[in-house]
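1. Need the 3D shape of this:
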Amino acid sequence: MDSIKYLDENIASTVITLTSEDLHQIEEAYSKIPMQGDRLSEVHMSFIDR
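-> Below is the predicted model of the structure:
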């Protein structure tokens with residue numbers, strides 16, 4: 001039943017607590033990533049806010 005053991009470990013790994021400092025560091029790193037292109041195609045955008 002190793003797979004159950006690993007499943008329990010994987011589920012437990014999703015339980016995390018981020019401090020405000022953690023969130024600040026994530027936000028800072030994310031802000032340095034250049035964004036390019038549209039998020040959705042023109043066709044997909046036509047379905048939003050009809």
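2. Only C-alpha atoms from now on, for both contacts and neighbour counts.
-> Fine.
3. where does the chain have low pLDDT?
-> Residue ranges of the chain with pLDDT under 70: 1, 50.
4. Go again with 80.
-> Filtered on pLDDT under 80, the chain yields the residue ranges 1-2, 49-50.
5. all strands for it, in order.
-> For the chain, strands defined by DSSP state E do not occur.
6. hey, where'd the helices end up in it?
-> 2-12, 20-31, 42-45 (DSSP state H).
7. Would you convert those helices into TSV that also reports mean neighbour count?
-> Shown next, in TSV, are the helices of the chain (neighbours: other Cα atoms under 10 Å):
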stretch	mean neighbour count
helix 2-12	10
helix 20-31	11
helix 42-45	10
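8. Next, find the distance separating H44 from D38.
-> 11 Å (Cα to Cα, to the nearest Å).
9. Next, show the common contact partners of the two.
-> The overlap between the contact sets of H44 and D38 (Cα atoms under 8 Å, 6 or more residues apart in numbering) is empty.
10. Good, we can wrap up now.
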